[in-house]
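Participant: Take a look and give me a structure for this.
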Amino acid sequence: MDLNLTRPLLFFDIESTGLDIPNDSIIELSFVKVFPGDPEPKVKTWRIRPWDYEAKRQRHINEEASKVNGVTDDMLTGCPLFINVAAEIADWLRDSDLAGFNSAKFDLPMLAEEFERVRLYCMQNIGKPEAASLLEKIGIDLHEPLMVDVQNIFHSMEPRNLRAAYRFYCGGEDFENAHEAEADTLATFEVLKAQLDRYKEPDKYREQVLKNDVKSLAAFVGRKYVDFTGHLIYGDDGEVYVNFGKHKGRKARDVWRTEASYFKWIQDGSFTLDTKAQFARLAEKFRAEREAAAKRPATSEELQQLQEKFNNGKLF
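Facilitator: Numbering: from 1, shown residues only. Purely as a prediction, here's the structure:
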C-alpha cells in the first residue's frame with residue numbers, strides 16, 4: 001500500500017561510534033525520502049568521519065559498535081566530517097516528517113546532537129564568514145517534524161506477551177485458561193522447549209543458536225541485577241553501580257564514600273525490603289573495608305601518593 005502523504009516523509013537510520021549520545025558520533029547516515037504522489041523514493045547515504053570538535057581529533061569507534069556495523073576507524077579517514085555535510089543533510093530534512101525503526105529513542109537524538117555540535121562550533125567561530133553562513137543553512141528544528149517510529153507500531157500491533165509467544169512457537173490458538181497461574185506456567189515450559197527446537201541450528205538470517213543448558217539460557221537476561229528491582233547492578237568490572245536517580249552510573253562505593261547519607265535515605269525511603277537490604281549489605285562491606293585499611297600499615301604506593309599530595313599542595 002502506498003503511503004498517503006501531505007508532505008515528504010524521510011526514513012533514516014544511523015550507525016555510530018557507540019550508544020553514548022553525548023560522547024559518540026555518527027559514522028553513517030542514510031536517508032530514504034518519499035514524496036506525496038510519487039512511489040519512487042530518493043535515497044542518499046553519507047559515510048562520516050566522527051569528530052571531536054573540542055579535542056580536534058577523530059573519535060574512536062567502540063569495539064562493540066564496530067562488531068555490529070562492520071566499520072573500523074581506518075575506513076573513515078578520508079570521509080567528510082559532519083560539519084562538512086551538515087548543510088546538505090539539513091536540506092534533505094527541511095519540510096519533511098521523519099520515520100525510522102527505534103529512531104525516536106536513539107537516531108533522532110544522535111542526529112540532533114551532531115547539529116548542536118556544529119552550531120556550537122560555529123558560534124565559537126562566528127567571526128568567520130563561513131561560520132555565519134553555515135549557521136543560516138542548518139537553521140532547522142528537529143522537534144518540529146512528526147516522528148513515525150515503526151518499532152513502536154510493531155510492538156503495539158504484535159504484543160510480546162505469553163499468549164503471543166505460545167501462538168508463535170507452539171502453533172494453533174491460545175492455550176486454555178490463560179492468565180491462570182498453572183496454565184501460564186505450563187505454557188511457558190512448552191514455549192521454552194519449542195524455542196530450543198526452533199533455534200538449534202543457524203540459518204541464513206540468524207547465526208546465533210540456542211544452547212540447551214541453563215547457564216546459556218540465563219545469559220539472555222542480560223545485565224545482572226544486585227537487587228530484584230534493578231536499583232543496583234553489576235558492571236562489567238564486577239563493581240556494583242547505582243542504576244537510578246541522581247547517582248545513576250556511579251559506583252556504589254564512591255557514592256558511599258562521598259555521600260553516606262544517601263544510603264540512609266534509601267533505608268527511610270519507599271523501596272523494597274530487598275533493595276534496602278542490598279544497600280545495607282554494601283554499606284557494611286564498605287565500612288569493614290575502610291576499617292581494615294585503617295588498621296594495616298600503609299603501602300609504599302600509598303605513601304608515595306600521600307607525599308605527592310603534600311608536595312602539590314606546597315606544604316613543604
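
Participant: how far out from the middle of the chain is stretch 288-301?
Facilitator: From the chain centre to the centre of stretch 288-301 is a distance of 38 Å (C-alpha atoms, centre = their mean, to the nearest Å).

Participant: I misspoke; the intended subject was stretch 262-280.
Facilitator: Stretch 262-280 has its C-alpha centroid displaced from the chain centroid by 27 Å (C-alpha atoms, centre = their mean).

Participant: go on, stretch 110-121?
Facilitator: That offset, for stretch 110-121, works out to 18 Å (C-alpha atoms, centre = their mean).

Participant: contacts for it?
Facilitator: Contacts of stretch 110-121 with the rest of the structure, by C-beta atoms under 8 Å, 6 or more residues apart in numbering, involve 12, 14, 16, 21-22, 24-26, 29, 53, 82-83, 86, 90, 131, 134-135, 138, 140, 142. C-beta coordinates here come from the backbone N, C-alpha and C atoms, glycine included.

Participant: mind checking how far the helix ranked longest in the chain is from the chain centre?
Facilitator: Ranked by residue count, the top helix of the chain under DSSP state H comes out as helix 273-295. Offset of helix 273-295 from its chain centre (C-alpha atoms, centre = their mean): 31 Å.

Participant: do the same with stretch 144-162
Facilitator: Counting by C-alpha atoms, centre = their mean, stretch 144-162 comes out at 18 Å from the chain centroid.

Participant: That stretch - what's its average pLDDT?
Facilitator: Regarding stretch 144-162, the rounded mean pLDDT is 85.

Participant: could you dump that stretch to PDB, C-alpha only?
Facilitator: What follows is stretch 144-162, C-alpha atoms only, in PDB (Å, rounded to 0.1, in the frame of the first residue of the first chain):
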ATOM      1  CA  GLU A 144       9.000  20.300  14.700                       C
ATOM      2  CA  PRO A 145       8.600  17.200  12.400                       C
ATOM      3  CA  LEU A 146       6.200  14.400  13.100                       C
ATOM      4  CA  MET A 147       8.100  11.200  14.000                       C
ATOM      5  CA  VAL A 148       6.800   7.800  12.900                       C
ATOM      6  CA  ASP A 149       8.600   5.000  14.800                       C
ATOM      7  CA  VAL A 150       8.000   1.700  13.100                       C
ATOM      8  CA  GLN A 151       9.200  -0.300  16.100                       C
ATOM      9  CA  ASN A 152       6.600   1.300  18.300                       C
ATOM     10  CA  ILE A 153       3.900   0.300  15.800                       C
ATOM     11  CA  PHE A 154       5.300  -3.200  15.600                       C
ATOM     12  CA  HIS A 155       5.300  -3.600  19.400                       C
ATOM     13  CA  SER A 156       1.700  -2.200  19.700                       C
ATOM     14  CA  MET A 157       0.300  -4.400  17.000                       C
ATOM     15  CA  GLU A 158       2.200  -7.500  17.900                       C
ATOM     16  CA  PRO A 159       2.300  -7.700  21.700                       C
ATOM     17  CA  ARG A 160       5.200  -9.500  23.200                       C
ATOM     18  CA  ASN A 161       3.300 -11.500  25.800                       C
ATOM     19  CA  LEU A 162       3.000 -15.200  26.800                       C
END
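
Participant: May I see the buried residues of it?
Facilitator: Pro145, Val148, Asp149, Leu162 (16 or more other C-beta atoms under 10 Å).

Participant: Check stretch 84-99 too.
Facilitator: Result for stretch 84-99 [16+ other C-beta under 10 Å]: buried residues Val85, Ala86, Ile89, Ala90, Trp92, Leu93, Ser96, Asp97, Leu98, Ala99.

Participant: Could I get the CA-only coordinates of that stretch as CSV?
Facilitator: The C-alpha trace of stretch 84-99 is given here as CSV (Å, rounded to 0.1, in the frame of the first residue of the first chain):
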residue,chain,number,x,y,z
ASN,A,84,31.2,19.4,6.0
VAL,A,85,27.9,17.9,5.0
ALA,A,86,25.6,19.4,7.6
ALA,A,87,24.1,21.9,5.2
GLU,A,88,23.3,19.1,2.7
ILE,A,89,21.7,17.0,5.4
ALA,A,90,19.6,19.9,6.6
ASP,A,91,18.3,20.4,3.1
TRP,A,92,17.2,16.8,3.0
LEU,A,93,15.5,17.2,6.4
ARG,A,94,13.8,20.5,5.7
ASP,A,95,9.9,20.5,5.4
SER,A,96,9.8,16.7,6.0
ASP,A,97,8.3,14.5,8.6
LEU,A,98,10.5,11.6,9.9
ALA,A,99,10.3,7.8,10.2
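
Participant: which residues touch it?
Facilitator: Against stretch 84-99 from outside (C-beta under 8 Å, 6+ apart): 7-12, 29, 31, 33, 44, 46, 48, 82, 108, 114-115, 118, 134, 137-140, 142, 145-150.

Participant: With adjacent residues omitted, what lies nearest to Gly139?
Facilitator: Ala90 (7.7 Å; C-beta to C-beta, 6 or more residues apart in numbering).
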